[in-house]
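J.: The amino acid sequence is not available; the structure is as follows:
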């Protein structure tokens, strides 16, 4: 029993270290973005964004999350930035939320396939 408790404590410390290393706020841990990728192009006036060579529409009510603030202006979207995103309707490729991610972010489960 004691060995199990020790093993669980070590695992918890390792996981906490991983989250701390990414230095992401709590609302990122609760994020349910579907995919990640790098921004290739942003056309705010045309409500278009290209991520990893795929073109998407962006909602007029788009929410952009940053590690420093829950919501930041759309003008924070820059070419080359790693982002996580959630589509309002996957069939129409309409993005409703984008999370700005640190360059060292790694979540292969959410990479575009």
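T.: Yep, it's here. Since the model is a prediction, treat every value here as computed from it, not as a measurement. Residues are numbered from 1 along each chain as shown.
J.: Residue 76 against residue 64, yeah?
T.: Yes: counting by CB atoms under 8 Å, a contact exists between residue 76 and residue 64, whose distance comes to 5.8 Å. In this view, the C-beta of every residue, glycine as well, is placed from N, C-alpha and C.
J.: which residues do the two both contact?
T.: Both residue 76 and residue 64 are in contact with residue 100, where contact means CB atoms under 8 Å, 6 or more residues apart in numbering.
J.: who has more neighbours, those two?
T.: Higher neighbour count among residue 76 and residue 64: residue 64, with 20 against 15, using other CB atoms under 10 Å.
J.: my read is the more buried one is in a helix, agree?
T.: No: assessed with DSSP: H, G, I helix; E, B strand; the rest coil, residue 64 is strand; it does not lie in a helix.
J.: ok, it touching residue 95?
T.: No: taking CB under 8 Å as the definition, residue 64 is not a contact partner of residue 95, at 10.1 Å.
J.: which stretches of this structure have low pLDDT?
T.: Screening the chain residue by residue with the criterion pLDDT under 70, one finds the ranges 1-22, 90, 107-113.
J.: Would you map the helices across it?
T.: Remark: helices of the chain, listed N- to C-terminal, are 2-22, 26-29; assignment by DSSP state H.
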